[in-house]
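*Asks:* need a 3D model of the following:
(chains A, B, C and D)
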Number of protein chains: 4
Amino acid sequence: MTARRLEAFSDGVIAIIITIMVLEMKVPRGGSLKDLEPLLPIILSYVLSYVFVGIYWSNHHHLLHVCTVVTGATLWANLHLLFWLSLFPFTTGWMGENHFAALPTALYTLVLFMAAVAYYMLQLVIIRAQGQDSILKRAIGRDWKGKVSLVLYIVAGVATLRSSLLAQAVLVGTALMWVIPDRRIEKQLSPHSA
Amino acid sequence: MTARRLEAFSDGVIAIIITIMVLEMKVPRGGSLKDLEPLLPIILSYVLSYVFVGIYWSNHHHLLHVCTVVTGATLWANLHLLFWLSLFPFTTGWMGENHFAALPTALYTLVLFMAAVAYYMLQLVIIRAQGQDSILKRAIGRDWKGKVSLVLYIVAGVATLRSSLLAQAVLVGTALMWVIPDRRIEKQLSPHSA
Amino acid sequence: MTARRLEAFSDGVIAIIITIMVLEMKVPRGGSLKDLEPLLPIILSYVLSYVFVGIYWSNHHHLLHVCTVVTGATLWANLHLLFWLSLFPFTTGWMGENHFAALPTALYTLVLFMAAVAYYMLQLVIIRAQGQDSILKRAIGRDWKGKVSLVLYIVAGVATLRSSLLAQAVLVGTALMWVIPDRRIEKQLSPHSA
Amino acid sequence: MTARRLEAFSDGVIAIIITIMVLEMKVPRGGSLKDLEPLLPIILSYVLSYVFVGIYWSNHHHLLHVCTVVTGATLWANLHLLFWLSLFPFTTGWMGENHFAALPTALYTLVLFMAAVAYYMLQLVIIRAQGQDSILKRAIGRDWKGKVSLVLYIVAGVATLRSSLLAQAVLVGTALMWVIPDRRIEKQLSPHSA
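*Replies:* Residues are numbered from 1 along each chain as shown, chains lettered A, B, ... in the order given. As a prediction, the model looks like this:
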């Protein structure tokens, strides 16, 4: 029951974050193609962040699904994660407005990194609260992706010092790592049809 | 259970999209009728988009109602649909601000078209995940309207090259095609009172 | 089940409307009392609208509670109500910005009137769909307040031609009519403690 | 059931409030570190408010959990609490924009104080509606923190007359008082693992 409300509240916050990001795409005055052009990097950064928020929503969904005990620490670890996610609209907008310049990309990557740390902490808190039972081992099993992501965010952050394009490539790669396997799992599931 | 959360999250995003569109109607400084006048095309485009989002919400509601298996692909197909819907406030605002000019209307129509494609893909993904059982045949039965809509969006898109008014007429017609049958069904249901 | 989702979606939209209204209170640059002064009418209009949205949420809650059959017409009648409610942030902001001038107050009253009409239509649609059973007679019993409100909105609308203050007084009176009885009912319930 | 909807609606409003606050952090035009600098006080005030809203959400969650009877008064007492919370984005933005100046800090503290009063009233209304049964005694047991908070808000409000920094320290202390004990409780619970 309590985990359901944590889920519902987090869903609400994530739904608002994902939708508020679009507000950074300010409607231009003119109606020509030229007026749309400056929005291109903003749209691209929006797509990237949309995918990242989608990944968090999906993972968060699976994590809370196996969470049976909600303590005060779970609650605050969850709010901590949502805090970093709530900064996405700002860093996304800043990165897009500045055409993926080095510093905004670095800040964008830092917030991604902090969100990944917060997610990792949330996992630890949930596991500590309910013990190392079998259901959560699955969550820990998926953990290598979380750790690889943390490393990739650091790589992307360092890459901004040399080339912002390289940093973007690393971020896109990280996102794909999370999205693609889901499709593979789905293909395995579909013949069984359950 | 999982389908319920997919539904709840989608409801949240759609509720925010429908409400955020109204923010494009910026409160004018002055208090006279003249100050309201420039808002008229914005209000008209808001009404049109409101009806379209309402149609998507209603159809989405019926679709997820018969969805029993949620795979990773369902999740991403759903996020893909929500992505295109999330662009509605932007395209609506741009079309309204530019008094239904050709290019903004074309972009508006393109996003509608992409949302319809995304909806179609979501249907396919759900059907593939749970097999061709009887409940989903109802969903497929309604499919002709989805296909006709896709054609009508292309017609509207091409029409913007000649006349924006014609394109608007096609879009209004498409919306009415979805809204009116619901009333007919209701009339059939009301004597049975269930 | 379906009524629950209608409820959840409406709750989402109403929650966003009530919160978005506060965005009209733009943060002033300066930090002195003088900088806050222009916001006073905006805050007052926000309080008035907040109470009206609260009344709608509360009534809507009771209405859907007795709604067992959700038809396509119910769905669209509900979206129709939400449409007029979604205009509240705009009319509230316009009225506040213009210090309760005649025309903005008239438009504010018109939207209130249309929302009341939409609510009345929603009631009719729900009753028609599920027949005149005993549970809904309670809803009809509360109907006199709905009809009185419709008249009061017309009175307020006409009053704006002579005095905006008078119109505001009528609107405040209408809101109080809905809020106060709830307290009376509560007092009757509290001794029974259920 | 009714308490569940009250909870869901409040969750929605609180989720929007917490996310809307971040909109006050306007994306700066330039992409250098200098462009970020003016945002520092805004970010700090956002973090403070985020924690306060988190505390309210958490407490509200526990309060409604023991609420079995929802009267009209409960509903309006809850809307009253949400009203003061809805002013957080404004007061947070004003305080941040003005670098924690005395008057904005005083207004920020006043709204916190009013929210605490509203929360206290909500507790009383719920207790009166369902009688002084054993479950609610736990809620009353936690009451001393609510009363201490009220005093601390007054202290902080008075402190703004002398030093805004002192006022901030009191507010941070108040927030910590609510956050830290939750962790202590969690530590006590974790060995029992339920």
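
*Asks:* could you use CA atoms for every contact and neighbour count after this?
*Replies:* Noted.

*Asks:* how near is residue A:109 to residue A:176?
*Replies:* Noted for residue A:109: a distance of 16 Å to residue A:176, by CA to CA, to the nearest Å.

*Asks:* more neighbours: which of the two?
*Replies:* Each of residue A:109 and residue A:176 has its neighbours counted (other CA atoms under 10 Å in any protein chain shown); residue A:109 has more, 24 against 14.

*Asks:* wait, isn't the more buried one in contact with residue A:158?
*Replies:* No: using CA atoms under 8 Å as the test, residue A:109 is too far from residue A:158 to be in contact (9.7 Å).

*Asks:* confidence score at the residue in chain A that chain C sits nearest to?
*Replies:* Ranked by CA to the nearest CA, the top residue of chain A for proximity to chain C is residue A:12, at 8.9 Å. On pLDDT, residue A:12 comes in at 90.

*Asks:* just give me how far the host helix or strand of it sits from the chain centre.
*Replies:* Using DSSP states H and E, residue A:12 falls within helix A:2-20. From the chain centre to the centre of helix A:2-20 is a distance of 14 Å (CA atoms, centre = their mean, to the nearest Å).

*Asks:* what's downstream of it, the next helix or strand?
*Replies:* Moving toward the C-terminus from helix A:2-20, the next helix or strand (DSSP H and E) is helix A:33-36.

*Asks:* what average pLDDT does that following helix get?
*Replies:* The average pLDDT for helix A:33-36 rounds to 90.

*Asks:* coming back round to it: can the helix holding residue A:12 be found next to chain B?
*Replies:* Yes: using CA under 8 Å from any CA of the partner chain, helix A:2-20 reaches chain B at A:8, A:11, A:12, A:15, A:16, A:18, A:19.

*Asks:* of these, which ones also sit close to chain D?
*Replies:* Contacts with chain D within these, counted by CA under 8 Å from any CA: A:8, A:12, A:16.

*Asks:* same list (the residues you listed) but as a markdown table, adding neighbour count.
*Replies:* Output for those, formatted as a markdown table (neighbours: other CA atoms under 10 Å in any protein chain shown):
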| residue | neighbour count |
| --- | --- |
| A:8 | 20 |
| A:12 | 27 |
| A:16 | 26 |
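
*Asks:* list the contacts of the residue of chain A closest to chain C.
*Replies:* With contacts defined as CA atoms under 8 Å, 6 or more residues apart in numbering or on different chains, residue A:12 is in contact with B:9, B:12, D:11, D:12, D:15, D:16.

*Asks:* the closest residue to residue A:167 other than its chain neighbours: neighbouring residues, count only.
*Replies:* Counting by CA to CA, 6 or more residues apart in numbering or on different chains, residue A:167 lies nearest to residue A:156, which is 4.4 Å off, once chain neighbours are set aside. Number of residues near residue A:156 (other CA under 10 Å) recorded here: 26.

*Asks:* so where's chain A uncertain?
*Replies:* A:1, A:131-143, A:181-194 (pLDDT under 70).

*Asks:* at 90 instead, please
*Replies:* A:1-8, A:19-20, A:22-33, A:37-38, A:58-75, A:123-150, A:160-165, A:176-194 (pLDDT under 90).

*Asks:* mind listing the helices in it by residue range?
*Replies:* With DSSP state H as the criterion, chain A has helices at A:2-20, A:33-36, A:40-65, A:72-86, A:88-97, A:102-130, A:134-141, A:143-159, A:164-189.

*Asks:* and those: which comes nearest residue B:163?
*Replies:* Residue B:163 lies closest to helix A:33-36 among the helices of chain A, at 17.9 Å (CA to CA).

*Asks:* what residues are up against the residue nearest to residue A:167?
*Replies:* A:106, A:109, A:166, A:167, A:168, A:170, A:171.

*Asks:* number of nearby residues for the fourth one?
*Replies:* Read it as residue A:167. Residue A:167 has 26 neighbours, counted by other CA under 10 Å.

*Asks:* got a list of what it touches?
*Replies:* Contact partners of residue A:167, counting by CA under 8 Å, 6+ apart, are A:105, A:155, A:156, A:157, A:158, A:159, A:160.

*Asks:* specify which member of those is nearest to chain B.
*Replies:* Within the contacts of residue A:167, proximity to chain B (CA to the nearest CA) peaks at residue A:105, which comes in at 22.6 Å.

*Asks:* nearest spatial neighbour of the closest one, chain-adjacent residues omitted?
*Replies:* Distance criterion CA to CA, 6+ apart; nearest residue to residue A:105, sequence neighbours excluded, is residue A:95 at 5.7 Å.

*Asks:* that neighbour contacts residue A:89, correct?
*Replies:* No: Residue A:95 sits out of contact with residue A:89 when judged by CA under 8 Å, with a separation of 10.0 Å.

*Asks:* up against chain C, what does chain A have?
*Replies:* Not one residue of chain A sits near chain C, judged by CA under 8 Å from any CA.

*Asks:* residues in chain A within reach of chain D, list them.
*Replies:* For chain A, the residues in contact with chain D (CA under 8 Å from any CA) are A:8-10, A:12-13, A:16-17, A:69, A:71-73, A:75-76, A:79, A:83, A:86-87, A:90, A:93-94, A:97-98, A:101, A:103-104, A:128-131.

*Asks:* pretty sure residue A:50 contacts residue A:18?
*Replies:* Yes: counting by CA under 8 Å, residue A:50 touches residue A:18, with 6.3 Å between them.

*Asks:* looking at the two, which is more packed in?
*Replies:* Taking other CA under 10 Å, residue A:50 and residue A:18 do not tie; residue A:18 has more neighbours (26 against 23).

*Asks:* from residue A:39, how far off is that one?
*Replies:* Between residue A:18 and residue A:39 the computed distance is 18 Å (CA to CA).

*Asks:* now swap in residue A:54 and tell me
*Replies:* Residue A:54 sits at a distance of 22 Å from residue A:39 (criterion: CA to CA).

*Asks:* mind listing what residue A:77 touches?
*Replies:* Neighbouring residues of residue A:77 by CA under 8 Å, 6+ apart: A:118, A:121, A:122, A:125.

*Asks:* rerun at 6 Å
*Replies:* residue A:122 (CA atoms under 6 Å, 6 or more residues apart in numbering or on different chains).

*Asks:* about what we covered before: now render the contacts of residue A:156 as CSV, adding distance to residue B:113.
*Replies:* Formatted as CSV, the contacts of residue A:156 follow (distance: CA to CA, whole Å):
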residue, distance to residue B:113
A:106, 36
A:109, 33
A:166, 33
A:167, 33
A:168, 29
A:170, 32
A:171, 29
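
*Asks:* and of these, the nearest to residue C:32?
*Replies:* Nearest member of these to residue C:32, counting by CA to CA, is residue A:106, at 36.8 Å.

*Asks:* mind checking how far the closest one is from residue A:84?
*Replies:* Distance, residue A:106 to residue A:84, using CA to CA: 15 Å.

*Asks:* residue A:159 too?
*Replies:* According to CA to CA, residue A:159 and residue A:84 sit 22 Å apart.

*Asks:* same question for residue A:176.
*Replies:* Between residue A:176 and residue A:84 the computed distance is 21 Å (CA to CA).

*Asks:* and residue A:180, how many neighbours does it have?
*Replies:* So residue A:180, with other CA under 10 Å, has 12 neighbours.

*Asks:* do residue A:33 as well
*Replies:* For residue A:33, the count of nearby residues is 10 (other CA under 10 Å).

*Asks:* cool, residue A:116 as well?
*Replies:* Residue A:116 is flanked by 21 other residues according to other CA under 10 Å.

*Asks:* now swap in residue A:68 and tell me
*Replies:* Residue A:68 is flanked by 15 other residues according to other CA under 10 Å.

*Asks:* distance check, it against residue B:154.
*Replies:* Distance of residue A:68 to residue B:154, given as CA to CA: 49 Å.
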